[in-house]
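1. here is a sequence together with a model predicted from it:
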Amino acid sequence: MPEVKVTIDGIEVTVPSGSTILQAAERAGVRIPTLCHHPDQEVKGVCRVCVVEVEKSRTLQAACAFPVADGMVVRTNTPAVREARRVIVELMLSRHPENCLECARNMKCELQALAEELGVRQVRFERKLKDHPKDTSTPALIRDPSKCVVCRRCVYTCEKVQGVAALWPAYRGHETVVVPAYDSDMIDVVCALCGQCIHACPTGAITEKDDTEQVWEALGDPSKHVVVQTAPAIRATLGEEAGLPPGTLVTGKMVAALRRLGFDRVFDTDFTADLTIMEEGSELIHRLETGGPLPLLTSCSPGWVKFIEHFFPELLPNVSTCKSPQQMFGALAKTYYAEKFGLDPADIFVVSVMPCTAKKFEAARPEMNSSGYRDVDVVLTSRELGRMFRQAGIDFEKLEEEEFDDPLGVSTGAGAIFGATGGVMEAALRTAYELVTKKELKELDFVAVRGMAGIKEATVDLDGVKLNVAVAHGLANARTLMEKVARGEGDYHFIEIMACPGGCIGGGGQPIRTTNEVRERRIEAIYREDKRLPIRKSHENPAIKKLYEEYLGEPLGEKSHELLHTHYTPRKRV
Amino acid sequence: MAREHEGAVDLGRVDEIVARHKGREGALLPVLREVQDAVGYLPQEALERVALGLGLSLSQVYGVATFYSLLYTKPKGKYTVRVCESAPCHVQGAQEVIDTLVRELGISFGETTPDGLFTLEKVSCLGVCGVAPAVMIGDRVYGNLTPETVVAVLQEYR
Amino acid sequence: MRFYRAHVLVCAGTNCSLKGSQAVRQRLLNELEEVGLADEVKVVETGCFGLCEQGPTVVVYPEGVLYCRVTPDDVPELVREHLLKGRRLERLLYREEAEKAVQTVPQVDFFRGQQRIVLRNCGVIDPESIEEYIAHGGYEALGKALTEMKPAEVVAELKASGLRGRGGAGFPTGLKWEFAAKAQGDVKYIVCNADEGEPGTFKDRLILEGDPHAVLEGMAIAGYAVGARKGYIYIRGEYALSIERLEEAIKQARKMNFLGDGVFGTEFAFDVEVRVGAGAYVCGEETALFESLEGRRGEPRLKPPYPTERGLFGKPTVINNVETLANVAPIILNGAEWYRGFGTEGSPGTKVFTLTGDIVSEGLIEVPMGITLREIVFGIGGGIPGGRAFKMAQTGGTSGGCLPAELLDVPMDYDELAKAGSALGSGALLIMDDTHCIVDIARVFARFFEHESCGKCVPCREGTMRIHDIMTRIATGRAGEKDLDNLEALARTMTMACLCPLGQAAPVPIMTTLKYFREEYDAHIKEKRCPTGTCRDLAAPAATPAAGKGV
């Protein structure tokens, strides 16, 4: 690509032609503040915070959008630039509530950081808030339009990344606000509740519903036996809540910290991830043998499940009837575990720590009560757990590592990789290969299904049986793939879908500042965890074998069907 | 909200409009205009059919419908009285005409008279500045208005 | 063609229609039938004649006698006197001053100062008749371009003519066409911007009503020049009559093969489709117009890329204003040199203006570029009614600047008006006499932009609202000095940092009023007094109360 020379604040840099001023400034070591800009999104240029002077230009230009030209001279720190940025940020602040200290995004808010960066100490315009009520209709998300700065980052994510477009700008001028159609409650629209909009949002306009109080209450109630399960992706992200860099694995410290909080047992969703492989793998083999319906679609990701219920109800027979690992855990905790340890299931309180906001919705689904009780009582996101650790004064870094409790804490590398895109597929293939071929699988890494490519396809040879598989993450990719399936193309046998980009490590409940770059580092951590574990195939998990021997009988057996499988509900398409 | 319109939305008609425009580039705006002409406004059930038919999300369609001042997502009175409040009309005495309308109809802007006859609206410009001050009632424009003549115009519709 | 002894032209432009010209026309037909002149006198319904203030207007040819404010009840007398007896009906003749009746069109001051290129057919031909358009030289230019000129020659002619965009920005039209002609791509578009939303502007409406084929011909020539096969006319939803006339004109042009495949027996194919807006001023901005035409919220796009690279549906697009396109055929027919004979060096040609406000002759005029504001207001426009004093003129519509009496001698062209802190813009001229309050009118400007901001970029979305807030505070006596500081800071920020011209121009009208009428702001802010007595919440002026509005 041809290169051009640009001078930014007197510093000459050479950048590829077609670069933006912002990119050139980065190269020159000049920081330009931004707000609507997001590294994973297309340029919007709407906040105008990044305006700079370009020689010979009548007006200031948005650095995030304006392309450089050879010989261009740019100034980023002039009176006109400083005044414009300051006025713009004050204009935003004057439409934003003043209760930063009470906000879930306090100290993690980009608007707050921007105001600090520009040295705003006083807002010259009178406070005028938007007159839209807070939406608390879903068990997963809280939407507070009064905090919305209309940067449209969530709009981009909802449409382009997730293929849903439930959030869109409505009205005009200063009345413009990002809302679902007809200002409906989120529970009444086609939202998958994936929570990716939270990662897009620079402020606290969309947050998870905070359920930490319920957990504190349960922990303080001596009559309750409080158990916790931690999703595969949490151990690769929770460290960020304690200030550790992305990609730090904190499995042992996490277990220790959960014990400090007072949980009676610390279990692992990886255990039921292995169980899912047993059930879903068997389901796949059964469908292959009996002719369908194929392709089999995974069902672990509740955002995905809600999405397909809305947009492809005709494909619901293809979705695996397996409950997600979270729900399998809840059902077993209040049956198998209760029986085994002589506990009254009524006293058992199951808390999940999940990377996901949609898991809160999943746990609240009316059919998720096959134990006779609500299978999972409270779902916390990793952000909420981080909040509890801070409240409890836990110094995460100084904790000694501890082990999960038996028996629902025993797991394999296959369970661990459920946290990353392609992980469920890879875990399933490790088991399916051995179950179908009765031979030992030598090369455990199915690299073709790993990584951040949106749709990944592979054909796996199960000793003569060719299995066509596909993996998609991000619901827009899922939509593309499902449209193909609905047209009868692709000849797939098995498809893994995770609602969130990168899989659960990029889930809507994960620590703030989840970008694609951060996602990649978390994925690396997930595969380190896989490598670290002595057993890497679900069907070799001794606790799973024991569970079938002692309680369930066999995969897809009667007990499994009762406790571990579910059904789906077609929902409205618009 | 949609009291008097409940059950009255002819969705078949909406589907027919959508079908006629489907595949045409930039179909949404012409579709919305026609649906509004057919239904009177743009109720949710109609826009759901539009969204489904054109492969858009309902929120996207709603975002468009609420952007343009000639599209209505809420039911209106039988006649929409649109008063121009632009500078050329203002200079020619629009304020007195506006005050008279508000007084005569007994409603403020954005409201509908209790008999469902009139909805009063302000608009930025009707494009008939040569006959300022101007008011549009339904499809008809009235120009060179005074407080006296605007009352007479209203009478035509009562 | 049938021979008629006389033609009676009845203006059917929107303004005359609103004043009852349809009833006049019907009565004329009835009356001619009754006196047995139906075969000798032809009644022609024309587009706007320009003299809207005096409407409904009727012109009787061959003499060109101009009758004003004609009511249906005047018709029997008019027919009997003029058409039967050959005597002019004195009482309906146009009067420049009370005592002096003017006989015919060329004698009227209102027309004497005008140079009609764009409006050549307006008020002259029946806009619903393609035959009349052809009879007046219509589609000759298209024929010439297609059969005698290469596309590049058409572009070169336009470039040489110096024609600049008449929508407001004044970008050289030939250059725009050249960019589009050179842009890569098989599919290109010509878009006619007829989303005339600027308050005080109704020229495009009257051009389209009065001479729709002139615009279609200009579009077809543009299509040939840049290699486009499809044109769109995006027109505002309020312009029902223009839409009707355009649809009819397109049908006729297709029938006579001026549109469609193989135009003039050549390989050239071009067709035009009308798309109707839904009420958003910002859609007059070209990229917002594309968004709207594509079925989205009419929010402006970032530039670059420019429309000639990536415009409508992502394809290279020429977007021109109605008036610009109406200039094209005469330029092709008569040549660039001829066109440069009008106007100024930097702004050749003519400009159509719409006169509104406190001016004797409200209406539509076309004058050479460079004519002074004074000549328009006091020459063609007949001055301020009721003997009041001129206070200010806003040029270019609500986004233009306000000029005080000291600047009456500013030449009206792109560059001179820009120097004066205003803009030629759309050609709107809003005249205000000394009964009007500057703060009050600035508040109305501010309200307009608050309502019409699209909401996409922060400084415009929030800034327009804040400016309106501040203006309201000033007009109601609640403002302090700090408000003026904030107003100025907002204005600087918006002008420099907004995404599109709407936000960049929004502060202009307000800041020019502040610049030229500072003392009136001070009276409101410091003395809590409105010198004209307009602002109701403030004390009446100490001195003589303002007289009622000029008649």
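-> On my side now, so go ahead.
2. export stretch A:231-239 to PDB, keeping only CA atoms.
-> Extracted in PDB, the C-alpha atoms of stretch A:231-239 (Å, rounded to 0.1, in the frame of the first residue of the first chain):
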ATOM      1  CA  ALA A 231     -18.700 -21.200  34.200                       C
ATOM      2  CA  PRO A 232     -15.700 -22.300  32.100                       C
ATOM      3  CA  ALA A 233     -15.000 -18.800  30.900                       C
ATOM      4  CA  ILE A 234     -14.900 -17.100  34.300                       C
ATOM      5  CA  ARG A 235     -11.500 -18.400  35.400                       C
ATOM      6  CA  ALA A 236     -10.000 -16.700  32.300                       C
ATOM      7  CA  THR A 237     -11.600 -13.300  32.900                       C
ATOM      8  CA  LEU A 238     -12.200 -12.800  36.600                       C
ATOM      9  CA  GLY A 239      -8.700 -11.600  37.200                       C
END
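3. quick one: mean pLDDT for that stretch?
-> For stretch A:231-239, the mean pLDDT works out to 98.
4. just how off-centre is that stretch within its chain?
-> Relative to its chain's centre, stretch A:231-239 lies at 11 Å (Cα atoms, centre = their mean, to the nearest Å).
5. and if you look at stretch C:198-205?
-> Worked out by Cα atoms, centre = their mean, stretch C:198-205 lies 4 Å from the chain centre.
6. then stretch C:134-152?
-> On the basis of Cα atoms, centre = their mean, stretch C:134-152 sits 26 Å off its chain's mean C-alpha point.
7. average pLDDT across that stretch?
-> 97.
8. tell me which residue of chain C lies closest to chain A.
-> residue C:455 (3.1 Å; Cβ to the nearest Cβ). For the C-beta atoms, the positions are set from N, CA and C on the backbone; glycine is no exception.
9. wasn't that residue part of a helix?
-> No: going by DSSP: H, G, I helix; E, B strand; the rest coil, the assignment for residue C:455 is coil, not a helix.
10. report the contact partners of it.
-> If a contact means Cβ atoms under 8 Å, 6 or more residues apart in numbering or on different chains, then residue C:455 has A:150, A:169, A:171-176, C:299, C:461 as its contacts.
11. want to throw those residues into TSV with secondary structure, distance to residue A:24 and neighbour count?
-> Supplementary listing: the contacts of residue C:455 in TSV, determined by DSSP: H, G, I helix; E, B strand; the rest coil; distance: Cβ to Cβ, whole Å; neighbours: other Cβ atoms under 10 Å in any protein chain shown:
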residue	secondary structure	distance to residue A:24	neighbour count
A:150	coil	27	26
A:169	strand	30	25
A:171	coil	36	17
A:172	coil	34	25
A:173	helix	33	20
A:174	helix	33	23
A:175	helix	36	17
A:176	coil	31	24
C:299	coil	27	25
C:461	helix	28	26
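12. please list which of those residues also come close to chain B.
-> The subset of the contacts of residue C:455 within reach of chain B, by Cβ under 8 Å from any Cβ of the partner chain, is A:169, A:171-172.
13. domains of chain B?
-> Domain assignment for chain B, taken from automatic domain parsing, gives B:11-67, B:79-157.
14. and the last one, what's its mean pLDDT?
-> Think domain B:79-157. Here domain B:79-157 scores 93 as its mean pLDDT.
15. ok, stretch C:265-284 next?
-> Averaging pLDDT along stretch C:265-284 gives 96.
16. the helix or strand encompassing residue C:318: what's the following helix or strand?
-> Using DSSP states H and E, residue C:318 sits within strand C:317-321. Under the assignment DSSP H and E, the closest C-terminal helix or strand after strand C:317-321 is helix C:322-334.
17. which pLDDT value belongs to the closest residue to residue A:179 other than its chain neighbours?
-> Leaving out its chain neighbours, the residue that sits closest to residue A:179 by Cβ to Cβ, 6 or more residues apart in numbering or on different chains is residue A:170, at 5.2 Å. pLDDT recorded at residue A:170 is 97.
18. and residue A:170, bridged to which residues?
-> Beta-bridge partners of residue A:170, counted by DSSP bridges, are residue A:177.
19. would you confirm that it contacts residue A:155?
-> No: taking contacts as Cβ atoms under 8 Å, residue A:170 lies outside contact range of residue A:155: 10.7 Å.
20. which residues are in contact with each of these two?
-> What both residue A:170 and residue A:155 touch, as defined by Cβ under 8 Å, 6+ apart, is the set residue A:178.
21. identify the residues contacting stretch C:181-190?
-> The contact list for stretch C:181-190 (Cβ under 8 Å, 6+ apart) reads C:151-152, C:155, C:180, C:219, C:222-223, C:225-232, C:308-309, C:311-313, C:315-320.
22. next to chain B, which bits of the stretch 1-150 of chain C? Give me the list.
-> Residues of the stretch 1-150 of chain C lying near chain B (Cβ under 8 Å from any Cβ): C:14-15, C:18-19, C:52-53.
23. would you list the phi and psi of the closest residue to residue C:58 other than its chain neighbours?
-> Nearest non-adjacent residue to residue C:58, counting by Cβ to Cβ, 6+ apart: residue C:67, 4.5 Å away. Backbone torsions of residue C:67, given as degrees, to the nearest 10, read phi -110, psi 140.
24. go on, residue A:207?
-> Residue A:207 adopts backbone torsions of phi -140, psi 170, taken as degrees, to the nearest 10.
25. and the closest residue to it other than its chain neighbours, what does it touch?
-> Spatial nearest neighbour of residue A:207, chain neighbours left out: residue A:104 (4.2 Å); criterion: Cβ to Cβ, 6+ apart. Each residue near residue A:104 by Cβ under 8 Å, 6+ apart is listed here: A:204, A:207-208, A:210.
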